[in-house]
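Engineer: Give me a model of this one.
(2 chains)
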Amino acid sequence: MIDNRPLSPHLTIHKKVLTAVFSILHRITGIGLSIGAVLIVIWLSILALGPNYFFIFESIATNLIFKFILFLWTLGVFYHLFNGIRYLFWTYSVGMGLKTVYISGYIVLILTILATLYVWII
Amino acid sequence: MNNSYTSKWILQRITALCLIPLTFWFIYQCISFQYLDYKEMLLFFQSYFNSFLFLVMMILMLIHAKLGCETIIQDYVSLIYLQKFFKGILNFITLITLLLTIGAIIKLCLTL
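Structural biologist: Numbering: from 1, shown residues only, chains lettered A, B, ... in the order given. Reported below is the predicted structural model:
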(Lines give C-alpha, C1' and ligand atoms only; values in the text may rest on other atoms or scores of the structure.)
Protein backbone atom coordinates (compact mmCIF):
# COMPACT_ATOMS: atom_id res chain seq x y z
CA MET A 1 0.00 0.00 0.00
CA ILE A 2 1.33 3.42 -0.99
CA ASP A 3 0.75 6.55 1.10
CA ASN A 4 -0.99 9.29 -0.95
CA ARG A 5 0.92 11.99 0.92
CA PRO A 6 3.37 13.71 -1.48
CA LEU A 7 7.02 12.88 -0.94
CA SER A 8 9.78 15.43 -0.48
CA PRO A 9 11.44 16.60 -3.71
CA HIS A 10 13.88 14.11 -5.20
CA LEU A 11 17.30 15.28 -4.10
CA THR A 12 19.07 14.18 -7.29
CA ILE A 13 16.71 15.95 -9.72
CA HIS A 14 16.40 19.49 -8.38
CA LYS A 15 19.04 22.16 -8.89
CA LYS A 16 21.11 22.62 -5.75
CA VAL A 17 20.47 26.15 -4.51
CA LEU A 18 22.15 27.24 -1.28
CA THR A 19 18.95 27.21 0.80
CA ALA A 20 18.18 23.65 -0.34
CA VAL A 21 21.73 22.52 0.45
CA PHE A 22 21.38 24.02 3.96
CA SER A 23 18.11 22.16 4.46
CA ILE A 24 19.60 18.84 3.26
CA LEU A 25 22.66 19.37 5.49
CA HIS A 26 20.35 20.09 8.45
CA ARG A 27 18.68 16.71 7.95
CA ILE A 28 21.96 14.85 7.37
CA THR A 29 23.51 16.35 10.53
CA GLY A 30 20.24 15.55 12.35
CA ILE A 31 20.55 11.87 11.43
CA GLY A 32 24.25 11.92 12.37
CA LEU A 33 23.53 13.56 15.74
CA SER A 34 20.74 11.05 16.42
CA ILE A 35 23.32 8.27 16.01
CA GLY A 36 25.61 10.43 18.19
CA ALA A 37 22.89 10.59 20.88
CA VAL A 38 22.78 6.77 20.94
CA LEU A 39 26.59 6.74 21.27
CA ILE A 40 26.38 9.20 24.21
CA VAL A 41 23.93 6.80 25.90
CA ILE A 42 26.36 3.90 25.30
CA TRP A 43 29.20 6.01 26.79
CA LEU A 44 27.02 6.86 29.80
CA SER A 45 26.13 3.18 30.26
CA ILE A 46 29.82 2.17 30.09
CA LEU A 47 30.59 4.79 32.73
CA ALA A 48 27.81 3.40 34.95
CA LEU A 49 29.05 -0.19 34.49
CA GLY A 50 32.28 0.60 36.33
CA PRO A 51 35.99 1.39 35.91
CA ASN A 52 36.90 -1.84 34.09
CA TYR A 53 34.52 -1.07 31.25
CA PHE A 54 35.44 2.60 31.25
CA PHE A 55 39.12 1.77 30.70
CA ILE A 56 38.11 -0.01 27.47
CA PHE A 57 36.39 3.21 26.37
CA GLU A 58 39.47 5.26 27.33
CA SER A 59 41.69 3.06 25.14
CA ILE A 60 39.28 3.52 22.21
CA ALA A 61 39.16 7.29 22.82
CA THR A 62 42.86 7.67 22.03
CA ASN A 63 42.32 6.24 18.52
CA LEU A 64 42.63 8.72 15.63
CA ILE A 65 39.43 7.46 13.97
CA PHE A 66 37.54 8.15 17.21
CA LYS A 67 38.96 11.69 17.29
CA PHE A 68 37.98 12.23 13.66
CA ILE A 69 34.40 11.08 14.40
CA LEU A 70 34.37 13.42 17.43
CA PHE A 71 35.53 16.29 15.20
CA LEU A 72 32.71 15.56 12.72
CA TRP A 73 30.28 15.37 15.66
CA THR A 74 31.42 18.83 16.86
CA LEU A 75 30.98 20.22 13.35
CA GLY A 76 27.53 18.60 13.08
CA VAL A 77 26.41 19.84 16.51
CA PHE A 78 27.35 23.44 15.78
CA TYR A 79 25.87 23.42 12.27
CA HIS A 80 22.60 21.85 13.47
CA LEU A 81 22.51 24.23 16.45
CA PHE A 82 23.09 27.48 14.54
CA ASN A 83 20.97 26.49 11.55
CA GLY A 84 18.28 25.29 13.98
CA ILE A 85 18.23 28.74 15.62
CA ARG A 86 17.84 30.19 12.09
CA TYR A 87 14.88 27.87 11.45
CA LEU A 88 13.32 28.83 14.81
CA PHE A 89 13.33 32.47 13.65
CA TRP A 90 11.66 31.31 10.43
CA THR A 91 8.91 29.70 12.53
CA TYR A 92 7.94 33.27 13.50
CA SER A 93 8.47 34.51 9.91
CA VAL A 94 11.56 36.46 10.97
CA GLY A 95 14.43 36.70 8.47
CA MET A 96 12.63 35.10 5.55
CA GLY A 97 13.45 37.72 2.91
CA LEU A 98 15.56 36.29 0.06
CA LYS A 99 18.62 38.41 0.88
CA THR A 100 18.33 37.74 4.65
CA VAL A 101 18.01 33.99 4.07
CA TYR A 102 21.34 33.95 2.22
CA ILE A 103 23.09 36.26 4.72
CA SER A 104 21.91 34.19 7.70
CA GLY A 105 23.06 31.04 5.85
CA TYR A 106 26.58 32.40 5.48
CA ILE A 107 26.54 33.52 9.16
CA VAL A 108 25.61 29.93 10.15
CA LEU A 109 28.55 28.59 8.12
CA ILE A 110 31.04 31.07 9.60
CA LEU A 111 29.81 30.48 13.19
CA THR A 112 29.98 26.69 12.68
CA ILE A 113 33.59 26.81 11.50
CA LEU A 114 34.67 29.30 14.18
CA ALA A 115 32.95 27.44 17.06
CA THR A 116 34.38 24.06 15.92
CA LEU A 117 37.89 25.50 15.64
CA TYR A 118 37.53 27.19 19.05
CA VAL A 119 36.51 23.91 20.73
CA TRP A 120 39.36 21.95 19.11
CA ILE A 121 42.06 24.57 19.64
CA ILE A 122 41.42 25.35 23.33
CA MET B 1 -4.28 12.85 12.50
CA ASN B 2 -3.59 16.52 11.70
CA ASN B 3 -3.65 17.41 15.40
CA SER B 4 -1.02 14.75 16.01
CA TYR B 5 1.27 16.20 13.29
CA THR B 6 0.75 19.74 14.68
CA SER B 7 1.52 18.75 18.26
CA LYS B 8 4.64 16.88 17.10
CA TRP B 9 5.72 19.95 15.10
CA ILE B 10 5.26 22.16 18.18
CA LEU B 11 7.05 19.66 20.45
CA GLN B 12 9.96 19.54 17.97
CA ARG B 13 10.33 23.35 18.26
CA ILE B 14 9.97 23.39 22.07
CA THR B 15 12.63 20.70 22.50
CA ALA B 16 14.88 22.57 20.04
CA LEU B 17 14.51 25.78 22.03
CA CYS B 18 15.29 24.07 25.34
CA LEU B 19 18.27 22.26 23.81
CA ILE B 20 20.04 25.50 22.77
CA PRO B 21 21.46 26.41 26.24
CA LEU B 22 21.82 22.74 27.22
CA THR B 23 23.95 21.99 24.13
CA PHE B 24 26.31 24.86 24.93
CA TRP B 25 26.53 23.56 28.53
CA PHE B 26 27.20 19.99 27.30
CA ILE B 27 29.95 21.03 24.87
CA TYR B 28 31.56 23.12 27.62
CA GLN B 29 31.50 20.05 29.90
CA CYS B 30 32.79 17.79 27.09
CA ILE B 31 35.91 19.95 26.78
CA SER B 32 36.70 19.29 30.47
CA PHE B 33 35.72 15.56 30.26
CA GLN B 34 38.87 14.77 28.26
CA TYR B 35 41.05 15.72 31.25
CA LEU B 36 39.01 13.76 33.84
CA ASP B 37 39.73 10.22 34.99
CA TYR B 38 37.05 7.72 36.06
CA LYS B 39 36.77 8.96 39.66
CA GLU B 40 36.50 12.59 38.58
CA MET B 41 33.81 11.64 36.08
CA LEU B 42 31.88 9.98 38.93
CA LEU B 43 32.22 13.17 40.97
CA PHE B 44 30.72 15.11 38.07
CA PHE B 45 27.60 12.92 38.06
CA GLN B 46 27.35 12.85 41.84
CA SER B 47 26.50 16.52 41.70
CA TYR B 48 22.69 16.48 41.54
CA PHE B 49 22.75 19.68 39.49
CA ASN B 50 24.96 18.11 36.79
CA SER B 51 23.01 14.83 36.78
CA PHE B 52 19.70 16.65 36.54
CA LEU B 53 20.86 18.85 33.65
CA PHE B 54 22.40 15.85 31.88
CA LEU B 55 19.20 13.82 32.30
CA VAL B 56 16.96 16.64 31.05
CA MET B 57 19.30 17.26 28.11
CA MET B 58 19.36 13.57 27.13
CA ILE B 59 15.57 13.18 27.37
CA LEU B 60 15.01 16.32 25.27
CA MET B 61 17.71 15.25 22.81
CA LEU B 62 16.25 11.76 22.35
CA ILE B 63 12.70 13.12 21.89
CA HIS B 64 13.97 15.76 19.44
CA ALA B 65 15.96 13.11 17.52
CA LYS B 66 12.98 10.75 17.43
CA LEU B 67 10.63 13.43 16.08
CA GLY B 68 13.20 14.54 13.48
CA CYS B 69 13.93 11.01 12.24
CA GLU B 70 10.18 10.29 12.13
CA THR B 71 9.65 13.31 9.85
CA ILE B 72 12.47 12.16 7.56
CA ILE B 73 10.91 8.66 7.36
CA GLN B 74 7.49 10.19 6.52
CA ASP B 75 9.05 12.42 3.85
CA TYR B 76 11.16 9.83 2.05
CA VAL B 77 9.46 6.45 2.57
CA SER B 78 6.23 6.05 0.61
CA LEU B 79 5.32 2.44 1.41
CA ILE B 80 3.18 2.45 4.57
CA TYR B 81 4.38 -0.94 5.83
CA LEU B 82 8.01 0.19 5.46
CA GLN B 83 7.17 3.48 7.23
CA LYS B 84 5.63 1.49 10.09
CA PHE B 85 8.66 -0.82 10.20
CA PHE B 86 11.17 2.04 10.43
CA LYS B 87 9.01 3.93 12.93
CA GLY B 88 8.79 0.76 15.04
CA ILE B 89 12.60 0.47 15.09
CA LEU B 90 12.86 4.18 15.94
CA ASN B 91 10.37 3.87 18.83
CA PHE B 92 12.24 0.82 20.13
CA ILE B 93 15.65 2.55 20.02
CA THR B 94 14.20 5.69 21.67
CA LEU B 95 12.62 3.68 24.48
CA ILE B 96 15.77 1.61 25.14
CA THR B 97 18.06 4.66 25.11
CA LEU B 98 15.71 6.59 27.41
CA LEU B 99 15.62 3.71 29.91
CA LEU B 100 19.40 3.24 29.70
CA THR B 101 19.97 6.97 30.29
CA ILE B 102 17.69 7.11 33.32
CA GLY B 103 19.17 3.90 34.77
CA ALA B 104 22.78 4.95 34.15
CA ILE B 105 22.34 8.42 35.68
CA ILE B 106 20.56 7.05 38.77
CA LYS B 107 23.38 4.50 39.21
CA LEU B 108 26.10 7.14 38.74
CA CYS B 109 24.33 9.46 41.19
CA LEU B 110 24.16 6.78 43.86
CA THR B 111 27.67 5.31 43.37
CA LEU B 112 29.89 6.16 46.32
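Engineer: For the biggest helix by length in chain A, buried residues please.
Structural biologist: Using DSSP state H to define each element, chain A has its longest helix at helix A:18-49. Buried residues in helix A:18-49, defined by neighbour count with 16 or more other C-beta atoms under 10 Å in any protein chain shown: A:22, A:25-27, A:29-30, A:32-34, A:36-38, A:40-41, A:44-48. (C-beta placed from N, C-alpha, C; glycine too.)
Engineer: swap in stretch B:90-107?
Structural biologist: Neighbour counts over stretch B:90-107 (16+ other C-beta under 10 Å) mark B:90, B:93-94, B:97-98, B:100-101, B:104-105, B:107 as buried.
Engineer: Among the residues you listed, which ones lie close to chain A?
Structural biologist: Among these, the ones lying near chain A by C-beta under 8 Å from any C-beta of the partner chain are B:93, B:97, B:100-101, B:104-105, B:107.
Engineer: which bits of chain A sit near chain B?
Structural biologist: A:1-3, A:5, A:7-8, A:27, A:30-31, A:33-34, A:37-38, A:40-41, A:44-45, A:47-48, A:51, A:54-55, A:74, A:77, A:81, A:84-85, A:87-88, A:91, A:119, A:122.
Engineer: Pull the distance from the helix or strand bottoming out on mean pLDDT in chain A to the chain's centre.
Structural biologist: Taking mean pLDDT, DSSP states H and E as the measure, the helix or strand of chain A with the lowest value is helix A:51-61, at a mean of 88. Relative to the centre of its chain, helix A:51-61 is centred 26 Å away, using C-alpha atoms, centre = their mean, to the nearest Å.
Engineer: Which is the succeeding secondary structure element to it?
Structural biologist: Remark: after helix A:51-61, the chain's next helix or strand is helix A:64-91, criterion DSSP states H and E.
Engineer: Measure how that next one sits relative to helix A:18-49, angle-wise.
Structural biologist: Here helix A:64-91 runs at an angle of 130 degrees relative to helix A:18-49 (axes from the mean of the first three to the mean of the last three C-alpha atoms, to 10 degrees).
Engineer: Show me what from chain B comes close to chain A.
Structural biologist: Checking chain B against chain A by C-beta under 8 Å from any C-beta, the hits are B:13, B:16-17, B:20, B:23, B:27, B:31, B:38, B:41-42, B:45, B:58, B:61-62, B:65-66, B:68-69, B:72, B:74-76, B:78-81, B:83, B:93, B:97, B:100-101, B:103-105, B:107-108, B:111.
Engineer: switch the cut-off to 6 Å
Structural biologist: With the criterion set to C-beta under 6 Å from any C-beta of the partner chain, chain B comes near chain A through B:13, B:16, B:23, B:38, B:61-62, B:65, B:68-69, B:72, B:75, B:78, B:80, B:97, B:100-101, B:104, B:107-108.
Engineer: With pLDDT and secondary structure added, can I get the buried residues of stretch B:90-107 in JSON lines?
Structural biologist: Formatted as JSON lines, the buried residues of stretch B:90-107 follow (pLDDT from 0 to 100; DSSP: H, G, I helix; E, B strand; the rest coil):
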{"residue": "B:90", "pLDDT": "97", "secondary structure": "helix"}
{"residue": "B:93", "pLDDT": "97", "secondary structure": "helix"}
{"residue": "B:94", "pLDDT": "97", "secondary structure": "helix"}
{"residue": "B:97", "pLDDT": "98", "secondary structure": "helix"}
{"residue": "B:98", "pLDDT": "97", "secondary structure": "helix"}
{"residue": "B:100", "pLDDT": "97", "secondary structure": "helix"}
{"residue": "B:101", "pLDDT": "97", "secondary structure": "helix"}
{"residue": "B:104", "pLDDT": "96", "secondary structure": "helix"}
{"residue": "B:105", "pLDDT": "96", "secondary structure": "helix"}
{"residue": "B:107", "pLDDT": "94", "secondary structure": "helix"}
